[in-house]
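Colleague: Using only what follows, build the 3D model:
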Amino acid sequence: MKNPAREKEWVSWMRSANDGNSRDYHKLLTAITPHLRVIVRRRCDQFGTPTNEAEDVVQEVLLAIHLKRGTWDPARPVGPWVAALVRNKLVDSLRRRGRRIDIPLEDVEATLESDEGNASDRMDVTRILATLRDPQRTIVQSISIEGASVRETAHRLKMTEVAVRVSLHRALNALTAVYSERVS
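Modeller: The predicted structure follows:
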């Protein structure tokens, strides 16, 4: 930590808080919160996370401090321990968020209107699907391309839903293998 006086104060408050002093615990949380906001916003910018998620992460870190303060080693500084909590909570936030990218609809509207499907893509799908035998091919087409449910597909093919799911799973694995061979 760049400020040893602040770290010394935080360590003192944390020790006292762990001994049951609620006033020092309040001081610690009040002092740490602005520091957390700066760190979390900086990391959100670094990872491309929207800044509106920063406050959620700060709140999660404050909750983690409360729940995990018994794991803090009094012989060590508080700053690195808090930084580890920030890192873990930010990673949790990124995982929950997934790989979703928020783009305003207006930015892609023209693209959506003009994109009627690439003919070469349809031919690739047709060729790869041709490597499957029936009923796997029919199941993949029905569920993955036409958007039918497992129940509808099972009824149409006179199969059980479980059999359709198993066949779909095996077909998708086979398609993955075929695609991997063609790409490499």
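Colleague: So residue 21 versus residue 133, what's the distance?
Modeller: According to C-beta to C-beta, to the nearest Å, residue 21 stands 72 Å off from residue 133. Every residue, glycine included, has its C-beta placed from N, CA and C.
Colleague: These two: which has the busier surroundings?
Modeller: residue 21 (14 against 10; other C-beta atoms under 10 Å).
Colleague: Relative to residue 27, how far out is that one?
Modeller: Separation of residue 21 from residue 27 (C-beta to C-beta): 9 Å.
Colleague: By mean pLDDT, point me to the weakest helix or strand of this structure.
Modeller: Ranked by mean pLDDT, DSSP states H and E, the weakest helix or strand in the chain is helix 105-114, scoring a mean of 54.
Colleague: What is the distance between stretch 67-86 and the centre of its chain?
Modeller: Offset of stretch 67-86 from its chain centre (C-alpha atoms, centre = their mean, to the nearest Å): 25 Å.
Colleague: tell me how far the ends of that stretch are from each other?
Modeller: One end of stretch 67-86 to the other measures 14 Å (C-alpha to C-alpha, to the nearest Å).
Colleague: buried ones in that stretch?
Modeller: Neighbour-count burial for stretch 67-86, counted by 16 or more other C-beta atoms under 10 Å, picks out 72, 77-79, 81-83, 85-86.
Colleague: for the record, mean pLDDT for that stretch?
Modeller: The pLDDT scores in stretch 67-86 average 90.
Colleague: Give me the domain ranges for the protein.
Modeller: 4-97, 116-183 (automatic domain parsing).
Colleague: Next one: the residue of the chain positioned farthest from its centre from residue 87, what distance?
Modeller: What lies farthest from the middle of the chain is residue 158; by C-alpha atoms, centre = their mean that is 38.6 Å. Using C-beta to C-beta, one gets 54 Å for the distance from residue 158 to residue 87.
Colleague: tell me the contacts of the residue nearest the centre of the chain?
Modeller: The chain has residue 95 as the residue nearest its centroid, 2.2 Å off, counting by C-alpha atoms, centre = their mean. Applying C-beta atoms under 8 Å, 6 or more residues apart in numbering to residue 95 gives no contacts.
Colleague: I'm done for today, thanks for sticking with me.
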